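Engineer: model the following, please.
(one chain, ligands or ions: 1)
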Amino acid sequence: MNTDNIFNVNQLHEGQLIVHMEHGVGRYDGMTIIETRGIKAEYVILTYADNDKLYVPVYSLHLISNYDGCIDNVPLHKLGSDVWKRVRKKAVDKVRDVASELLDIYAQRTIKNGFSFSYNKKKYQLFCKQFPFELTSDQCKVINEVLSDMCKPIAMDRLICGDVGFGKTEIAMRAAFLAIENHKQVAVLVPTTLLAQQHFDNFIERFANFPVHIEMISRFRSTKNRNQVLDHTAQGKVNILIGTHILLQNKVKWHNLGLLILDEEHRFGVLHKEHIKSIYSNIDILTLTATPIPRTLNMAMSGIRNLSIISKPPAKRLRIKTFLCEYNALLVRKAILREVQRGGQVYYLYNNVKNIEKTARRLANLVPEARINIGHGKLKDRDLEKVMNDFYHQRFNVLVCTTIIETGIHIANANTIIIEQANQFGLAQLHQLRGRVGRSHHQAYAYLLTSSPKELLSNDIHKRLEAISSLEELGAGFTLAKHDLEIRGSGELLGSNQSGQMKTIGFTLYTKLLKNAIEAIKYGSELSLEKITSITDIELHLPAILPEEYIPDVNTRLSFYKRLASVENYCEIEILKKELISRFGVMPNEAHYLLMITVIRQRAQNLGIQRIEGSNKGGAINFSNNHYIDHTYIINLLKQEPKIYRFDGQNKLKFICDLSNFRTRLQYIADLLEKFQQHTIKN
Ligand SMILES: Nc1ncnc2c1ncn2[C@@H]1O[C@H](COP(=O)(O)OP(=O)(O)OP(=O)(O)O)[C@@H](O)[C@H]1O
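Structural biologist: Predicted coordinates:
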């Protein structure tokens with residue numbers, strides 16, 4: 001998964017903090033074009049301590065990333081000082097430890113053989129036909145990934161990231177069906193009683209035409225009922241058991257558990273998750289989340305955990321219109337009236353149980369046309385269950401509630417949510433709350449209210465609320481996870497001692513180093529910073545740039561430069577070329593040269609070439625000590641063409657020929673690299 005898409009550098013604004021792999025934390029101050037001996041080149045300007053400037057050539061943008069370390073007023077590093085190198089070294093040492101820890105977890109699960117499920121296509125198709133909607137392409141893809149994991153003899157540990165309302169539940173249903181078909185029991189673990197009740201209703205409805213015994217245990221059920229359910233579960237009479245943290249208690253015994261579905265993972269603590277891993281270490285685990293926490297994202301991005309993404313909403317889904325403003329009675333009345341008059345329902349979120357009755361009365365006076373009721377976690381179990389049931393069956397249309405509705409609650413007819421004191425909530429929480437509406441094809445509305453302008457103006461709160469109201473587009477869960485990280489602190493990455501490192505070098509760079517560390521350990525080599533930072537230096541004395549006349553917007557140019565600097569193969573360059581042509585038309589020569597140099601750099605890097613020079617009368621190639629080109633081939637080249645090639649010292653091959661035409665110069669070097677490519681000694 002290309003993490004740049006999530007934390008890419010092209011969403012930069014001047015003054016934003018950047019971290020450069022070699023020089024540390026600086027400030028992005030735009031881009032500039034510098035002309036040297038008639039040749040234009042574009043640079044990113046970074047400002048460091050004492051207002052020192054660093055001009056980063058656009059082909060080295062893979063060395064810079066957002067600084068999202070979440071330390072306010074972090075000092076800029078001083079160019080040339082070794083402070084950054086010490087900080088980076090400490091982080092790299094820690095990253096190595098974390099990488100081996102992650103790989104241990106991964107290895108343990110890989111070693112522990114899991115059950116290999118087999119599926120009866122006819123019965124499975126029968127189950128699929130009962131789904132009332134057409135699956136989105138993402139849902140199809142993710143379902144196939146899950147089923148294929150379950151059919152492997154390795155314990156599945158897959159994370160499904162899909163924004164609120166994007167249809168994650170159906171994926172869980174199909175996985176559950178396959179497990180039951182294989183005579184395995186299914187545990188569905190959810191964070192709240194309401195969600196347990198909702199999942200219970202959903203599963204009962206979804207499996208109505210199949211002989212499946214489904215039960216739920218939560219505080220909504222009597223002790224007698226709970227004990228009876230646990231007995232039946234231990235005897236294997238229950239196929240699917242849905243519950244809250246109660247499922248993690250030792251008194252829960254299974255006859256033949258095969259699949260654990262963990263819904264809204266971000267609502268469980270680290271201890272819960274470690275406990276789950278210790279109890280269920282070799283069964284298949286399917287985790288669903290809408291707002292992945294950094295640790296989850298991190299594990300997935302470093303390849304430790306299989307990740308599936310549902311990035312597209314179901315058809316006809318409209319983005320939720322979000323309004324951020326001060327509390328205003330008239331606005332509240334209008335919002336509620338509009339919803340109830342179109343036959344819809346409203347969540348009115350007031351997260352203070354002590355005064356919630358008073359608030360409900362205030363609303364009843366404000367909107368006498370509405371039928372209002374109250375729901376919160378302090379109600380007696382059966383009262384809360386009745387309130388939610390009545391709301392679901394539209395016996396009233398305004399639910400004044402606390403955050404108990406936060407995760408997963410699905411009432412398709414509720415399409416307005418009004419949140420008082422919105423400034424009290426985190427981003428992920430606001431996103432989850434907002435996701436309670438707009439779960440069908442109706443236009444939904446979210447009002448984030450604060451009680452006074454001062455709250456609205458406080459920097460952190462304002463950023464948070466701005467982030468959520470600006471991110472109306474569907475699928476914003478990932479972005480918010482990052483915003484939450486930036487605004488509310490480094491969060492739990494891999495335990496508190498790691499978040500310290502993340503703060504000093506930034507989450508993006510930390511993740512990049514971690515990914516490299518894991519690759520290195522997997523392939524038995526060392527995490528080498530040299531490998532990450534080294535880049536073949538190419539000086540061909542020709543213009544390689546995206547001219548302003550071609551792409552006027554500086555951020556768009558930056559985005560393309562960054563993507564070019566991060567390409568990993570020739571196909572990616574071709575894709576970028578097609579995108580440039582389709583968006584901006586025929587490429588000018590300078591852009592052609594830029595792409596050709598990128599190809600040359602990519603090839604040279606893979607061959608272990610340190611530097612390539614080219615000019616009107618020829619050029620030179622500097623090999624690194626451990627380059628991959630067959631020495632015999634190079635010697636033969638010198639023998640066959642003594643007028644063109646000669647060695648200049650131990651590692652420098654010079655070539656003399658007429659390269660005054662830019663295209664000829666580029667093609668000559670590309671051809672020479674192609675010949676080297678055919679004569680490598682890579683083992
Ligand atoms: N392909 C689809 N087309 C139309 N509607 C769908 C589709 N898939 C699911 N839905 C419906 O969308 C609504 C939300 O689905 P679901 O509850 O699975 O979302 P979710 O991803 O679990 O959301 P949350 O993260 O809030 O729990 C449900 O009514 C579901 O039936």
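
Engineer: tally of neighbours for the residue nearest to residue 221 when sequence neighbours are not counted?
Structural biologist: The shortest distance from residue 221 to any residue other than its chain neighbours is 7.4 Å, reached at residue 229 (Cβ to Cβ, 6 or more residues apart in numbering). Backbone N, C-alpha and C define where each C-beta goes, glycine included. Residue 229: 20 surrounding residues under other Cβ atoms under 10 Å.

Engineer: residue contacts, residue 229?
Structural biologist: Taking Cβ atoms under 8 Å, 6 or more residues apart in numbering, we find residue 229 in contact with 215, 216, 217, 221, 238, 241.

Engineer: that one: what secondary structure?
Structural biologist: Look at residue 229: counting by DSSP: H, G, I helix; E, B strand; the rest coil, its state is helix.

Engineer: cool, and the one 4 residues further on?
Structural biologist: Here residue 233 takes the helix state, with states given by three-state DSSP.

Engineer: ok so, going back, how close does the residue nearest to residue 221 sit to residue 388?
Structural biologist: If you measure residue 229 against residue 388 using Cβ to Cβ, to the nearest Å, the figure is 20 Å.

Engineer: kindly report the same for residue 50.
Structural biologist: Plainly put, residue 50 is 61 Å away from residue 388 if you go by Cβ to Cβ.

Engineer: domains of the chain?
Structural biologist: As recorded under automatic domain parsing, the domains making up the chain are 8-66, 121-310, 321-473, 537-678.

Engineer: does the ligand have contacts with the third one?
Structural biologist: Yes: looking at domain 321-473 against the ligand by Cβ under 6 Å from any ligand atom, the contacts come from 408, 410, 412, 435, 439.

Engineer: contacts only, for the nearest residue to the second one once chain neighbours are set aside.
Structural biologist: Translated: residue 410. Counting by Cβ to Cβ, 6+ apart, the nearest residue to residue 410 once its immediate chain neighbours are dropped is residue 439, at 5.7 Å. Neighbour list for residue 439: 164, 165, 410, 411, 412 [criterion: Cβ under 8 Å, 6+ apart].

Engineer: swap the cut-off to 10 Å and go again
Structural biologist: Applying Cβ atoms under 10 Å, 6 or more residues apart in numbering, we find residue 439 in contact with 164-167, 313-314, 317, 320, 409-415.

Engineer: my read is it is in a helix, agree?
Structural biologist: No: with three-state DSSP as the criterion, residue 439 is coil rather than part of a helix.

Engineer: distance check, it against residue 336.
Structural biologist: Separation of residue 439 from residue 336 (Cβ to Cβ): 19 Å.

Engineer: who are the packing partners of the helix or strand harbouring residue 202?
Structural biologist: Secondary structure from DSSP states H and E places residue 202 in helix 193-206. Other elements packing on helix 193-206 under the criterion 3 or more Cβ pairs under 10 Å, 6 or more residues apart in numbering; DSSP states H and E are helix 168-181, strand 185-189, strand 214-217, strand 240-243, strand 257-263, helix 381-392.

Engineer: repeat that with 6 Å
Structural biologist: Packed against helix 193-206 by the contact rule (3 or more Cβ pairs under 6 Å, 6 or more residues apart in numbering; DSSP states H and E) you find strand 214-217, strand 240-243.

Engineer: in its sheet, what does the last one sit against?
Structural biologist: The pairing partners recorded for strand 240-243 under DSSP bridges are strand 185-189 (parallel), strand 214-217 (parallel).

Engineer: show me which residues of this structure sit near the ligand.
Structural biologist: Counting by Cβ under 6 Å from any ligand atom, the residues of the chain close to the ligand are 133-136, 139, 162, 164-170, 290, 314-315, 408, 410, 412, 435, 439.

Engineer: tabulate the domains of the chain in a markdown table, adding columns for distance to residue 524.
Structural biologist: As requested, the domains of the chain are arranged in a markdown table below (distance: least, Cβ to Cβ, whole Å):
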| stretch | distance to residue 524 |
| --- | --- |
| domain 8-66 | 24 |
| domain 121-310 | 16 |
| domain 321-473 | 38 |
| domain 537-678 | 16 |
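
Engineer: the ones you listed: which one's closest to residue 107?
Structural biologist: Comparison of those against residue 107 by Cβ to Cβ identifies domain 121-310 as nearest, at 9.9 Å.

Engineer: what's the average pLDDT for that closest one?
Structural biologist: Domain 121-310 comes out with an average pLDDT of 87.

Engineer: and the residue in the stretch 301-450 of the chain positioned nearest to the ligand, helix, strand or coil?
Structural biologist: Ranking the residues of the stretch 301-450 of the chain by distance to the ligand (Cβ to the nearest ligand atom) places residue 314 first, at 3.2 Å. Secondary structure assignment for residue 314 (three-state DSSP): coil.

Engineer: what's the neighbour count on it?
Structural biologist: Number of residues near residue 314 (other Cβ under 10 Å) recorded here: 20.

Engineer: so who does it touch?
Structural biologist: In this structure, residue 314 makes contact with 136, 167, judged by Cβ atoms under 6 Å, 6 or more residues apart in numbering.

Engineer: residues touching residue 312, list them.
Structural biologist: For residue 312, the contacting residues are 136, 138, taking Cβ under 6 Å, 6+ apart as the criterion.

Engineer: so what would you say the end-to-end distance of stretch 125-142 is?
Structural biologist: Here the two ends of stretch 125-142 are set 17 Å apart, with distance taken as Cα to Cα, to the nearest Å.

Engineer: helices or strands up against the longest helix anywhere in the chain?
Structural biologist: Across the chain, the longest stretch assigned as helix under DSSP state H is helix 83-111. With contacts defined as 3+ Cβ pairs under 6 Å, 6+ apart, the secondary structure elements packing on helix 83-111 are helix 496-505, helix 507-522.

Engineer: against residue 96, how distant is whatever residue of the stretch 501-650 of the chain ends up closest to the ligand?
Structural biologist: Residue nearest to the ligand within the stretch 501-650 of the chain (Cβ to the nearest ligand atom): residue 507, separated by 23.5 Å. According to Cβ to Cβ, residue 507 stands 18 Å off from residue 96.

Engineer: of those two, give the one with the bigger neighbour count.
Structural biologist: Taking other Cβ under 10 Å, residue 507 and residue 96 do not tie; residue 507 has more neighbours (27 against 18).

Engineer: where do the helices sit along the stretch 501-650 of the chain?
Structural biologist: Assignment of helices within the stretch 501-650 of the chain using DSSP state H, counting those that start in this stretch yields the ranges 507-522, 529-533, 554-565, 570-584, 589-607, 631-640.

Engineer: re earlier: ok, so of the residues of domain 321-473 next to the ligand, who is nearest residue 573?
Structural biologist: residue 435 (38.2 Å).

Engineer: quick one: that closest one from residue 537, how far?
Structural biologist: Residue 435 is 49 Å from residue 537, where distance means Cβ to Cβ.

Engineer: and for residue 328?
Structural biologist: Distance of residue 328 to residue 537, given as Cβ to Cβ: 61 Å.

Engineer: that concludes my questions; thank you for your assistance.
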